[in-house]
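Q: Sequence and predicted structure below; questions after.
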Amino acid sequence: MYSLLNTINTPEDLRKLPRERLPQLAKELREFLVESVSKTGGHLSSNLGTVELTIALHYIYDTPEDRLVWDVGHQTYAHKILTGRRQAMNTLRMAGGLAGFPKRDESPYDTFGTGHSSTSISAALGMAVAAQLSGAERRAVAIIGDGAMTGGMAFEALNNAGAMDANLLVILNDNDMSISRPVGALNNYLARLMSGRFYAAMRRGSEKVLKGMPPMLEFAKRAEEHVKGMVTPSTMFEEFGFNYIGPVDGHDLDALLDTLGNIRELEGPQFLHVVTQKGKGYALAEEDCLLYHGVSKFDRDNGIVQKQAGKPTYTQVFGQWLCDIAAKDERVVGITPAMCDGSGMQEFAEKFPTRYFDVGIAEQHALTFAAGLACDGYKPVVAIYSTFLQRAYDQLIHDIAIQNLPVVLAIDRGGLVGADGATHAGSFDLSYLRCIPNMTVMTPGDENECRQMLYTAITLDTPSAVRYPRGMGPGVAVCSEMQALPVGRGEVRREGKRVAILAFGSMLAPALLAAEQLDATVVNMRFVKPLDADLVLRMAREHELLVTVEENTVQGGAGSAVAECLMECGIAIPLLQLGLPDKFIEQGEHAQMLADCGLDAAGLVAAINGKLTK
């Protein structure tokens, strides 16, 4: 079935193939992708769209000597397959297996580790300058999607790169038709022409001739820009200092090979605009590329079977609450940095389109935009993944917290996230949030508490965050009524002896299970900030050992808040702080990852018994 693909173990093998065989390789590679991802889950649509581009890049460029930097990296499965990892694709996103994103210690062909967007141009520029400084002939290429181009960091890098003479190629993979119209033979011809040596030589020669006549030189440059701008959206990138080429059909191997071959011989910053189709070659993914963007295992012949409605995920609880509160208060607005589906905002976007704002992959802008809305009396709710909030930390402090503005952060994916691994794990938010003045930080222990905490947050006149995990909770029914919780107050969920377990958020369920074996007291702390100091001190007076447990790094987390409280009050009691270890935790199955960290019920029992026997 994969007679040609099975002969390709390295890009060197690929470069030995005659060009006329590459379309067959693309066909086999696409079929292999569908078969492989259907068994492991992962990103499908984006990878199907970059098959020809990946083949062309490795065919023209001398990888890994030439550097390929993939933005985000969720379109690199074909890259992994062609660079010696085909036989390991059945371990994709599994514990001990291949990562779902580029990873430097996985392969020398993964020149830069990614997972978040808009970083590729900066990294590739650094590599291009490194080559320049060392006198090396290698080239650097950044491959960035049109979605990632909405991130401000990408434009910061373009601005910097255009002012240099480093040999950098930026490839814009435009797979949403957001910049250009569909392309055809004329555009492919123009791409070849503008990337060719004749055009480049003519351009340089004209500049030399006209240097003595500055007005004529300026006129010629502007004329060239406008002529190119008539048929291509080049003007903006030319203004950054790049030579714009394209758009080119990203599924036309001949056009890609000719254009890339020409570009590799050019000097200075180059910008190639490639148009591709998400889900290309798999009819079901072509029809619904969003559904097949990130998938679990599925039947490749019958496609994804939609799950029947069951108990809601935390994301769905948030989405329903947002719709309900928006219906009651017209000042409520919803903001997402390009994560409408992932954050559960589809229904809100449909019901309240004038109050729904997708700002693109621009987390910094999202928070300051929310701050501006809050200044003028609106109640902004920013739905954001924990790991993406890290990118807007300065805006949270400088633009929201210092001004004490009532912005609600609905923080999804708090804690470990399973197969997406370290780049997407929300391991640090409790630590980096609780140290910010004016913040209220809440961690729901179940689905209903999540709804009530979100309502509590919207009633505050100060910045607040509700941090909840990925997926489903323990299955507690969600009450349609909304009632504000007393701020900074926890609750005792189980009375026991000797040991008091202070559980934060998602750790409440395993704490309750562990307590049954230990006959321990369990406190649902609810608030990381302000901490319920009175309850902590009461537990210290009534027990021999306090145990804090959180799905967050132990360093500086909720347990540290408890330790600080005890120290400030001069209370000396044994304290066991349990949480995520001081390391980046790689991908795997979520339950097993928690067990490996000692954060399941059995792990809690073992750790507590070990402390008691010392």
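A: Great, that's in hand.

Q: Tell me the secondary structure at the most centrally placed residue in the chain.
A: Against the mean C-alpha coordinate of the chain, by CA atoms, centre = their mean, the closest residue is His116 at 4.1 Å. Put simply, His116 is coil when judged by DSSP: H, G, I helix; E, B strand; the rest coil.

Q: per-residue confidence for it?
A: Looking at His116, its pLDDT reads 92.

Q: count of neighbours near Phe352?
A: Residues contacting Phe352 under the criterion other CB atoms under 10 Å number 18. No exception for glycine: its C-beta is placed from N, CA and C like everyone else's.

Q: Now it: closest residue in space, sequence neighbours ignored.
A: Distances taken as CB to CB, 6 or more residues apart in numbering place Ala326 nearest to Phe352, at 5.2 Å, with adjacent residues excluded.

Q: my read: the one you found touches Glu350, true?
A: No: the pair Ala326 and Glu350 fails to qualify as a contact (CB atoms under 8 Å) at a distance of 11.7 Å.

Q: The two: which has the busier surroundings?
A: The residue with more neighbours, out of Ala326 and Glu350, is Ala326; 20 against 10, by other CB under 10 Å.

Q: Mind listing what's buried along the helix or strand hosting that one?
A: If you go by DSSP states H and E, Ala326 is part of helix 314-328. Within helix 314-328, the residues that count as buried by 16 or more other CB atoms under 10 Å are 314-326.

Q: residues in contact with the closest residue to Glu586 other than its chain neighbours?
A: Once flanking residues are discounted, Glu586 sits nearest to Gly421: 5.4 Å by CB to CB, 6+ apart. Counting by CB atoms under 8 Å, 6 or more residues apart in numbering, Gly421 touches Arg93, Ala99, Gly100, Phe101, Gly115, Ile585, Glu586, Gln587.

Q: Using a markdown table, lay out the residues you listed together with secondary structure and distance to Val528.
A: Below are the contacts of Gly421 laid out as a markdown table (DSSP: H, G, I helix; E, B strand; the rest coil; distance: CB to CB, whole Å):
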| residue | secondary structure | distance to Val528 |
| --- | --- | --- |
| Arg93 | coil | 30 |
| Ala99 | coil | 30 |
| Gly100 | coil | 30 |
| Phe101 | coil | 30 |
| Gly115 | coil | 26 |
| Ile585 | coil | 21 |
| Glu586 | coil | 26 |
| Gln587 | coil | 27 |
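
Q: Longest strand in the chain, please.
A: Looking across the chain with DSSP state E, the single longest strand is strand 545-553.

Q: strands paired with it, and their directions?
A: If you go by DSSP bridges, strand 545-553 pairs up with strand 499-503 (parallel), strand 575-580 (parallel).

Q: ok, back up a step: who's in contact with the residue nearest to the centre of the chain?
A: Val72, Thr387, Phe388, Arg391, Thr423.

Q: any idea how far Pro102 is from it?
A: Applying CB to CB, to the nearest Å, the value for His116 to Pro102 is 12 Å.

Q: Same question for Val72.
A: 9 Å.

Q: any common contacting residues for these two?
A: The contact lists of Val72 and Pro102 share Thr114, where a contact means CB under 8 Å, 6+ apart.

Q: you'd agree Asp394 is up against Thr368?
A: No: under the criterion of CB under 8 Å, Asp394 makes no contact with Thr368, lying 9.6 Å away.

Q: higher neighbour count, those two?
A: Thr368 (19 against 11).

Q: residues in contact with the helix or strand harbouring that one?
A: Element membership for Thr368, per DSSP H and E: helix 363-375. With CB under 8 Å, 6+ apart as the test, helix 363-375 has contacts from 152, 333, 335-337, 357, 359, 380, 382, 384, 388-389, 391-392, 394-396, 399-400, 403, 405-407.

Q: Stretch 529-545 now?
A: Stretch 529-545 has contacts (CB under 8 Å, 6+ apart) with 433-434, 439-441, 487-490, 492, 497-500, 502, 521, 523, 525-526, 546, 561-562, 565-566, 569, 571, 573-576, 608, 611-612.

Q: mind running it again at 6 Å?
A: 434, 439, 441, 488-490, 498-500, 561-562, 565, 569, 571, 573-574 (CB atoms under 6 Å, 6 or more residues apart in numbering).

Q: what about the closest residue in space to Ile571 that isn't next to it in sequence, distance to Ala520?
A: Computed as CB to CB, 6+ apart, the closest residue to Ile571 that is not its neighbour in sequence is Ala540, at 5.0 Å. Noted for Ala540: a distance of 14 Å to Ala520, by CB to CB.
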